[in-house]
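Asks: with the input below, show me the fold.
(one chain, ligands or ions: 1)
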Amino acid sequence: MATIFSRIIAGEIPCYKIAENDKFFAFMDINPVAKGHTLVVPKWENDYIFALEDDEIAEMMVFAKKVAKAIEKAIPCKRIGVAVIGLEVPHAHIHLIPITTEGDLDFKKEHVHLTNEEFLDIQKRIVEQL
Ligand code: AMP
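Replies: Numbers count the residues shown, from 1 in each chain. Below you'll find the model as predicted:
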């Protein structure tokens with residue numbers, strides 16, 4: 001069965017898309033720990049990021065860098081934090097999260113609740129910076 005991320009990439013499940021190329025896809029996390037929290041995923045299924053081939057993980061990080069630079073310009077923050085968890089969705093992904101303190105990367109803290117309009121506004125601001 002396809003992962004939820006494969007179904008997002010296929011357009012079967014809606015998302016706030018940020019960017020894509022032939023191999024990778026970036027979209028906003030639906031339960032963000034900060035405004036601008038974005039996920040970068042490969043378009044093929046692989047459960048574990050460190051099961052990717054060397055060239056695949058390198059290319060994924062280069063793609064993530066472009067997205068991170070755009071988030072950095074769009075969202076007030078000190079820099080973009082990177083997290084890999086993968087306990088919930090069995091499809092390799094990188095979390096890109098705008099941070100000002102190390103506590104901003106805490107997934108256990110209260111997440112940010114955004115309306116559809118707020119998601120759309122943040123999406124637009126990030127996409128404009130790409
Ligand atoms: P983890 O696998 O532990 O890295 O967590 C998976 C992440 O995917 C969580 O931050 C979820 O909020 C996010 N997520 C799950 N389903 C969706 C979805 N349909 N759209 C956007 N983000 C999602």
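Asks: from here on, contacts and neighbour counts on C-alpha atoms
Replies: Fine.
Asks: tell me the secondary structure for the residue nearest in space to the middle of the chain?
Replies: Nearest residue to the geometric centre of the chain (CA atoms, centre = their mean): Leu39, 1.4 Å. Secondary structure assignment for Leu39 (DSSP: H, G, I helix; E, B strand; the rest coil): strand.
Asks: heading C-terminal from the longest helix anywhere in the chain, find the next helix or strand.
Replies: Counting residues, the longest helix found in the chain (DSSP state H) is helix 54-74. Using DSSP states H and E, the helix or strand that follows helix 54-74 in sequence is strand 79-83.
Asks: per-residue confidence averaged over that next one?
Replies: Strand 79-83 carries an average pLDDT of 98.
Asks: touching the ligand at all, that strand?
Replies: No: on the criterion CA under 6 Å from any ligand atom, strand 79-83 is out of touch with the ligand, staying 8.0 Å away.
Asks: contacts for that strand, please.
Replies: For strand 79-83, contacts defined as CA atoms under 8 Å, 6 or more residues apart in numbering pick out Ala68, Ile71, Glu72, Ile94, His95, Leu96, Ile97, Pro98, Ile99, Thr100, Leu105.
Asks: wait, the last one touches Lys35, no?
Replies: No: contact status for Leu105 versus Lys35: not in contact, 11.9 Å apart, counting by CA atoms under 8 Å.
Asks: what do those two both touch?
Replies: The contact sets of Leu105 and Lys35 overlap at Ile97 (CA under 8 Å, 6+ apart).
Asks: more neighbours: which of those two?
Replies: Taking neighbours as other CA atoms under 10 Å, Leu105 and Lys35 compare with Lys35 leading, 24 against 20.
Asks: distance check, that one against Ala74.
Replies: 10 Å (CA to CA, to the nearest Å).
Asks: overlap in contacts, the two.
Replies: With CA under 8 Å, 6+ apart, Lys35 and Ala74 have common neighbours Ile122.
Asks: going along the chain, name the strands of this structure.
Replies: In the chain, the segments counted as strands under DSSP state E are 17-20, 24-28, 38-42, 79-83, 94-99.
Asks: to Ala10, which of those strands lies closest?
Replies: Between Ala10 and the strands of the chain, the tightest spacing by CA to CA is seen for strand 24-28, at 10.5 Å.
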